[in-house]
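Enquirer: Structure for this input, please:
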Amino acid sequence: MTIARPVRLAVVLWVVWAIVVWNVIFDRVLVLAGRRYVYAAWLAAEGQGPYLRAGDWMRAATTRGLWTATSVAGALLVVGLVLIAIASRRIATSSSSEPRVEQGGMPRAQTLQDGARDSTSRTLRLDRA
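Expert: The predicted structure is shown next:
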């Protein structure tokens, strides 16, 4: 898999995530405005205030929801794309300094220096003076 494919996948996932967040925030703002309108209309119907129209309440809520959802989703998308750019640069620079891999996918064994013992070795070498 090349670097471009995971980057594209990450971008798509962040865009989808931003769309979901936008939808949740916009929906929540409208639901809360609808509940506030129903309560205020009930109070008005009881004779404690003037007649309230739903259009006046919901138009303001729609505007507030659009601005709030767009700003939060936009900030989320910017953060995600910046993180993707940082990660892809790290991957690109680290791939050039990776150890060589032999056939079979295992990293090349490093040689032991004089007097050093391999911790996985089953033979114990005793140095006698």
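
Enquirer: Roughly how far does the residue nearest to Ala44 when sequence neighbours are not counted sit from Arg28?
Expert: Nearest residue to Ala44, sequence neighbours excluded (C-beta to C-beta, 6 or more residues apart in numbering): Leu52, at 5.0 Å. C-betas here are computed from N, CA, C, even on glycine. Leu52 sits 21 Å away from Arg28, going by C-beta to C-beta, to the nearest Å.

Enquirer: Looking at those two, which one has more neighbours?
Expert: Using other C-beta atoms under 10 Å as the criterion, Leu52 and Arg28 rank with Leu52 on top: 16 against 13.

Enquirer: my read is the more buried one is in a strand, agree?
Expert: No: assigned with DSSP: H, G, I helix; E, B strand; the rest coil, Leu52 falls outside any strand and is coil.

Enquirer: how much space is there between Thr62 and Leu83?
Expert: The value you get for Thr62 to Leu83, if C-beta to C-beta is used, is 31 Å.

Enquirer: typo on my end, Val31
Expert: Taken as C-beta to C-beta, the span from Val31 to Leu83 is 31 Å.

Enquirer: which residues touch Gly74?
Expert: Ala18 (C-beta atoms under 8 Å, 6 or more residues apart in numbering).

Enquirer: so which strand or helix has it?
Expert: Counting by DSSP states H and E, the element that carries Gly74 is helix 54-95.

Enquirer: I'd like the average pLDDT over that helix.
Expert: Averaged across helix 54-95, pLDDT comes to 91.
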